[in-house]
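*Asks:* sequence first, predicted coordinates after that:
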2 protein chains.
Amino acid sequence: MRIGQLAEATGTTTKTLRFYEESGLLPPTERLASGYRDYAEEAVGRVGFIHRGQAAGLTLAQIRQILKIREHGQTPCSHVQGLLGERLRELDAQISELLALRETISQLHEKASKPEPDSCSADQVCRYI
Amino acid sequence: MRIGQLAEATGTTTKTLRFYEESGLLPPTERLASGYRDYAEEAVGRVGFIHRGQAAGLTLAQIRQILKIREHGQTPCSHVQGLLGERLRELDAQISELLALRETISQLHEKASKPEPDSCSADQVCRYI
DNA sequence: ATGAACCTTCCAGTACAGTGGAAGGTCAAG
DNA sequence: CTTGACCTTCCACTGTACTGGAAGGTTCAT
């Protein structure tokens, strides 16, 4: 399987796959006599794992860690659980921040819906912000 | 007022203020004979506006737009209202995405709390992701 | 006069996850 | 034999909001 086919099979681009290899997410493959990369079927699963990890909000660095542990013959279960727990806490923090921000902006937006341009004093840029 | 004093008055750094000037957020000031920047009191308000805009989740590019409109002698009210409305929609979208992600991760995390390493088949990297 | 604290410019780098493009090699069809 | 689609490497750049550091000039107190 050449890189273009793997890209198509996994819904990504050849550029990205080479970038993943360079980043240590995909192991360097065999090469054909021509120098072309020649991927085994497994590569599809591996790229799929990377995408699922991203969909779970993990960074490529975290995904790389999991992959490394797995390559060392260990099962990365507890590590993955740790990462997921961490991600969960981050998400909760991020969500509350965004909810608070939403509140603030919603109020500003409401205020701005009753424009009184004359009350914009010259020394402020905008009375709504 | 020199740049260090403005930085202290606004709770930022001289580096950041020079960066703001270069980015078109702060107008180039008068210079003293020494070449030092010499800020008027207004600059404090201007930097404050930039910070409030950021706190409202606007990007520097959006803040720059508002500032430009104001500099052209117009009151940026309706523009600001538009930006805030846009920001509100983005926030809502972002929040629902994060809530959905939180759901997914929470389930994965739960699953991973009952580890069954043996059921990790060799062809997957991790049964939880 | 000398040292500290301040200022100047310019260049480069940070994190993140790629993307763009140039210059060239390979392969199959027509 | 050539055309087009594919592949290779390498280098540089994207966007966001700064941050770090070098090399040098200024101001003020001692």
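*Replies:* It's in.

*Asks:* going by C-alpha atoms from here, please, whenever you check contacts or count neighbours.
*Replies:* Fine.

*Asks:* got the domain ranges for chain A?
*Replies:* Domains of chain A are assigned by automatic domain parsing as A:1-74, A:76-113.

*Asks:* get me the contact residues on chain A for DNA strand D.
*Replies:* A:Arg2, A:Ile3, A:Gly4, A:Gln5, A:Thr14, A:Arg18, A:Gly35, A:Tyr36, A:Arg37 (CA under 7 Å from any atom of the strand).

*Asks:* and these, which are buried?
*Replies:* A:Ile3, A:Thr14, A:Arg18, A:Arg37 (16 or more other CA atoms under 10 Å in any protein chain shown).

*Asks:* what's the farthest-apart pair in these?
*Replies:* Spanning the widest gap among those are A:Thr14 and A:Arg37, at 10.8 Å by CA to CA.

*Asks:* before we move on, which element is the spatially most central residue of chain A in?
*Replies:* In chain A, the centroid-proximal residue (CA atoms, centre = their mean) is A:Gln54; its distance is 4.5 Å. In this structure, A:Gln54 is located in helix A:42-55 according to DSSP states H and E.

*Asks:* mind giving me the packing neighbours of the helix or strand harbouring A:Lys111?
*Replies:* Using DSSP H and E, A:Lys111 sits in helix A:77-112. Contact analysis of helix A:77-112 by 3 or more CA pairs under 8 Å, 6 or more residues apart in numbering or on different chains; DSSP states H and E lists helix A:60-71, helix B:77-112 as its packing neighbours.

*Asks:* measure A:Arg18 to A:Leu25 for me?
*Replies:* According to CA to CA, to the nearest Å, A:Arg18 and A:Leu25 sit 10 Å apart.

*Asks:* any figure for the gap between the closest residue to A:Leu26 other than its chain neighbours and A:Ala33?
*Replies:* Leaving aside its sequence neighbours, A:Leu26 sits nearest to A:Tyr20 (CA to CA, 6 or more residues apart in numbering or on different chains; 5.7 Å). According to CA to CA, A:Tyr20 and A:Ala33 sit 23 Å apart.

*Asks:* quick one: which of these two has more around it?
*Replies:* Per other CA atoms under 10 Å in any protein chain shown, whichever of A:Tyr20 and A:Ala33 has more neighbours is A:Tyr20, with 18 against 7.
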